[in-house]
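Novice: sharing a model that was predicted from the sequence below.
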Amino acid sequence: MSYWKSKVLPRIKKLLPGKKKAAAAEACKSFEASKESIEKELEEKKEELQPKVIEVYTPLDAEIKTIVKNPTEVAIKKQAQPVKKLLEELTKIEFPGASMASEAAGKYGPVLVLGPVTYVLQKAYTFIPEDVEEATPPVEAAPSIDTKTETETVPAEPETTVTTVVEETKTEEGFVEKVEKIEETKTEEEVVVKVETIEETKADDGKTVVAI
């Protein structure tokens, strides 16, 4: 069992890719041999094929459209599945050469049969008029959203001003200090004024009399 895993199996794995490449090369040769008849059929069915090709091409993603216009090995390798899907769609509309290219791409992968794949894509692009190529899908307007703005009036904090007035009157008994503490509160509706009067009498004997 260990001999099978270490010696035989690795050799089989090495042989399989070689056989696959050889089979893909044969498929490419077969396609090359059919090019003349494909070219002739394309010319004969040009008017019939154009609207069908446009119908297949229009909904494609921008990246796949670029591959149709300029099929490169790197791009096709990156987008192998979408390319195979496109070849299947071209086969459905009986685009000449698409059936052979699609079958080969399905068996061996688009990259190993790059010749037939790029040939079909480039021929399909010749059926795309400039107005279709340059047209861009209309941008859908974003759905309008009704918005309501609610304004909430927050009452302002009452503003209070404190004013202290001191009046000193000299009398026969002594000095009288009259202190007025005025608090003025401003609100949106009214102004409230609070006045506190404090009378402090300083007598000659040193005693203090406070009157409110």
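Specialist: Happy to help now that I have it.
Novice: so P59: helix, strand or coil?
Specialist: Of the three states, P59 takes coil under DSSP: H, G, I helix; E, B strand; the rest coil.
Novice: numbering from 5 from now on, please.
Specialist: Got it, the first residue is 5 from now on, which makes the last one we talked about P63.
Novice: in this protein, which spans are strands?
Specialist: Secondary structure of the chain (DSSP state E): strands located at 163-174, 178-190, 195-207, 212-215.
Novice: next one: the nearest residue to A105 once chain neighbours are set aside from V136, what distance?
Specialist: Of all residues not flanking A105 in the chain, P120 sits nearest, at 4.1 Å (C-beta to C-beta, 6 or more residues apart in numbering). C-betas here are computed from N, CA, C, even on glycine. P120 sits at a distance of 25 Å from V136 (criterion: C-beta to C-beta, to the nearest Å).
Novice: who has more neighbours out of the two?
Specialist: Counted by other C-beta atoms under 10 Å, P120 and V136 do not tie: P120 has more neighbours, with 27 against 13.
Novice: quick one: contacts for that one?
Specialist: A31, C32, F35, G101, M104, A105, A108, A109 (C-beta atoms under 8 Å, 6 or more residues apart in numbering).
Novice: which among those gets closest to V57?
Specialist: Closest to V57 out of the contacts of P120 is G101 (12.7 Å), distances taken as C-beta to C-beta.
Novice: which residue comes closest to the closest one once chain neighbours are left out?
Specialist: Excluding the flanking residues, the one nearest G101 by C-beta to C-beta, 6+ apart is I42, at 4.3 Å.
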